[in-house]
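S.K.: model this:
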Amino acid sequence: MRTSVFTLAVVLAACQAEPSLGTQTEANPEPSQAAQTTNERPPPTPFGPSEVELADPESSQADPEQYPPATRAATKLLELADGIDRSRTDTVYSHATRVRRKQGIYHFDCSGMINWMLDRVAPKALAKVGRERPVASSYVRVIENAPTDQARSGWQRIAEIEQVRPGDLFAWRRPPSWPKGGNTGHVGIVLAKPERVPELADAYVVRILDSTRWAHQYDSRDEGETGFGTGTILIMTDGAGQPIGYGWHGSASRGWNETDVVFGRISK
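M.R.: A predicted model of the protein is given here:
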């Protein structure tokens with residue numbers, strides 16, 4: 001029986017196999033030993049000589065009742081996500097969005113998922129993004145320009161990671177050191193309050209919902225399954241709580257990619 005995304009936000013599927021350190025993904029590939037070309041992505045910034053491992057994820061998870069969604073729109077977004085999770089029969093990562101709710105069909109990429117969901121729970125926030133088919137970098141831009149003290153046009157930027165709550169959105173740009181072309185970044189939904197990684201200064205693990213073809217740490221997607229699902233990522237901060245990069249595999253990441261990372265809160 002499938003577990004809902006709300007349950008997964010509290011219990012991090014500890015029974016699933018954790019990806020080993022150094023797992024290659026589209027978001028965090030390792031360059032070959034041969035001479036690199038200009039089309040290859042550079043390796044992530046290493047953490048240091050010691051491996052970073054989060055303790056029992058179930059025991060470290062924040063209490064969801066203590067940290068509820070900050071807005072009604074965020075609550076509705078999580079409710080919609082739960083409805084998708086309970087009804088889905090066919091989920092695929094696809095750049096072409098195709099949704100048939102009655103049949104449980106959900107085909108979309110990361111931005112396609114967010115576009116479709118915001119259109120139903122926060123249309124004003126979606127309209128502010130300002131293009132026919134927003135992509136990940138579109139969300140970075142609109143969140144960067146949002147005020148931090150209150151919402152405007154459906155958006156508020158959350159400047160410090162400690163203030164992030166379930167139902168907020170995260171987004172990052174393709175790292176500037178990567179070759180141009182392909183994806184513009186990544187976007188998804190926060191499911192639980194970010195948690196510090198004790199063994200690594202200024203690092204946080206975040207339980208998230210996204211659409212991807214590459215598994216995260218403690219991922220809900222079965223082997224070979226793509227599209228809608230949950231996982232754990234790592235966010236690096238500058239010491240003052242400002243996000244400065246990410247690790248795709250949570251605390252099992254071998255390093256982190258420096259880029260613009262933002263958190264945004266929807267209001268309507």
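
S.K.: For the rest of this, base every contact and every neighbour count on C-alpha atoms.
M.R.: Noted.

S.K.: Spatially central, which residue of this protein would that be?
M.R.: Note on the chain: the residue nearest the mean C-alpha position is residue 188, at 4.2 Å, using C-alpha atoms, centre = their mean.

S.K.: Report the separation between that residue and residue 113.
M.R.: Applying C-alpha to C-alpha, to the nearest Å, the value for residue 188 to residue 113 is 8 Å.

S.K.: hey, what's in contact with both of these two?
M.R.: Common neighbours of residue 188 and residue 113, counting by C-alpha atoms under 8 Å, 6 or more residues apart in numbering, are 210, 211.

S.K.: And the residue nearest to the centre of the chain, its phi and psi?
M.R.: phi -170, psi -170 (degrees, to the nearest 10).

S.K.: hang on, it packs against residue 207?
M.R.: No - taking contacts as C-alpha atoms under 8 Å, residue 188 lies outside contact range of residue 207: 10.4 Å.

S.K.: can you list contacts of stretch 184-194?
M.R.: 5-6, 9-10, 61-62, 64, 67, 78, 110-111, 114, 135-137, 139, 161-162, 164-175, 204-211.

S.K.: and it, average pLDDT?
M.R.: Taken as a whole, stretch 184-194 carries a mean pLDDT of 97.

S.K.: Mind exporting the C-alpha coordinates of that stretch to CSV?
M.R.: Output of stretch 184-194 as CSV, limited to C-alpha atoms (Å, rounded to 0.1, in the frame of the first residue of the first chain):
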residue,chain,number,x,y,z
THR,A,184,17.8,25.5,-16.3
GLY,A,185,17.9,24.3,-12.7
HIS,A,186,15.4,22.5,-10.4
VAL,A,187,12.2,23.3,-8.5
GLY,A,188,10.0,21.5,-6.0
ILE,A,189,8.1,21.6,-2.7
VAL,A,190,9.5,21.4,0.9
LEU,A,191,7.8,18.7,3.0
ALA,A,192,9.4,19.3,6.3
LYS,A,193,11.4,21.9,8.2
PRO,A,194,15.1,21.8,7.2
